[in-house]
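[1] Give the three-dimensional model of this entry:
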Amino acid sequence: MVYGDLQFFDIIIFAAIAAFVIYRLRSVLGKRTGFQKKSNEEQQTKEQPLPEKRTTPQLKDSEQKLEAVYKKTNSFDHKVFLEGAKKAFEIIITAFNKGDKNTLKSLVSKDVFNAFETAINDGQNNPNMQFYSLVIDGINDAKVENGKITIGVNFISEQILSDNEEDIIKNKDTWVFEKPEKSSGPAWTLIST
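    Residues are numbered from 1 along each chain as shown. Reported below is the predicted structural model:
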């Protein structure tokens, strides 16, 4: 009979523990059944969404000027922008070297295109030049004004002649890219070199 009394005693202890756990959960979580009217605060939140607060990600010292863009735009991502800027630099320089005006026209502003076109017509391009290396050396300037995002990027590039790989030509350039502030697309236009 002693064994039966212990089973009964165990059941009472487990029931007491379960009741205590349910009581604590209910006091912490509350007891909403789903039929209560929504409070005025909840209704106002649904009617007028609060503006999204965006935190600026960790930026390198050379990228600190991009903080101004993060404060004023929601869709900006500096890593995507910088990767795109490097690709644009390579595409534009390669197109210039090859004299590919059609590619240039789609990536640069009218003024920049006119400068590239004049240089190509004067024979200042060299189809034998190839990229050796390209590094972003930092952000020169970044701002959001008059509905446009404008970012200046410092590049250090090295190019070689395909027939003479010993002569490396090193250049430092600052290129300024621009796009409409409201644009969610990835396309930036080169407006200054």
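[2] Ignoring the adjacent residues along the chain, who's closest to residue 148?
    Nearest residue to residue 148, sequence neighbours excluded (Cβ to Cβ, 6 or more residues apart in numbering): residue 178, at 5.5 Å. Using the backbone N, CA and C atoms, a C-beta is placed for each residue, glycine as well.
[3] go on, residue 103?
    Distance criterion Cβ to Cβ, 6+ apart; nearest residue to residue 103, sequence neighbours excluded, is residue 95 at 4.0 Å.
[4] Quick check, the one you found in contact with residue 108.
    No: judged on Cβ atoms under 8 Å, residue 95 makes no contact with residue 108 at a distance of 9.5 Å.
[5] which of the two has more neighbours?
    residue 108 (24 against 21; other Cβ atoms under 10 Å).
[6] so how far is residue 172 from that one?
    For residue 108, the distance to residue 172 equals 19 Å [Cβ to Cβ, to the nearest Å].
[7] Could you list the low-pLDDT ranges of the chain?
    Flagging of the chain using pLDDT under 70 yields the residue ranges 1-6, 28-55, 163-165.
[8] Go again with 90.
    Residue ranges of the chain with pLDDT under 90: 1-65, 67-78, 106, 126-133, 159-169, 181-187.
[9] tell me, what residue is most central in it?
    Computing the C-alpha centroid of the chain and ranking residues by Cα atoms, centre = their mean puts residue 77 first, at 1.1 Å.
[10] Could you measure from it over to residue 20?
    From residue 77 to residue 20 the distance is 50 Å (Cβ to Cβ).
[11] Likewise for residue 169?
    Distance from residue 169 to residue 20, counting by Cβ to Cβ: 78 Å.
[12] And residue 81, by the same measure?
    56 Å.
[13] Looking at those two, which is more packed in?
    Shown here are residue 81 and residue 20; by other Cβ under 10 Å, residue 81 has more neighbours (22 against 10).
[14] On the three-state scheme, the more buried one is what?
    The three-state label for residue 81, taken from DSSP: H, G, I helix; E, B strand; the rest coil, comes out as helix.
[15] before we move on, what SS does the residue nearest to residue 148 have?
    strand.
[16] Report the contact partners of it.
    For residue 178, the contact set (Cβ atoms under 8 Å, 6 or more residues apart in numbering) comprises 109, 148, 149, 150, 151, 188, 189, 191.
[17] what residues are up against residue 96?
    Residue 96 touches 104, 116, 119, 120, 125, counting by Cβ under 8 Å, 6+ apart.
[18] Phi, psi for the first one please.
    Spelled out, it's residue 104. For residue 104, the backbone dihedrals (degrees, to the nearest 10) come out as phi -60, psi -40.
[19] Great, nothing more from me.
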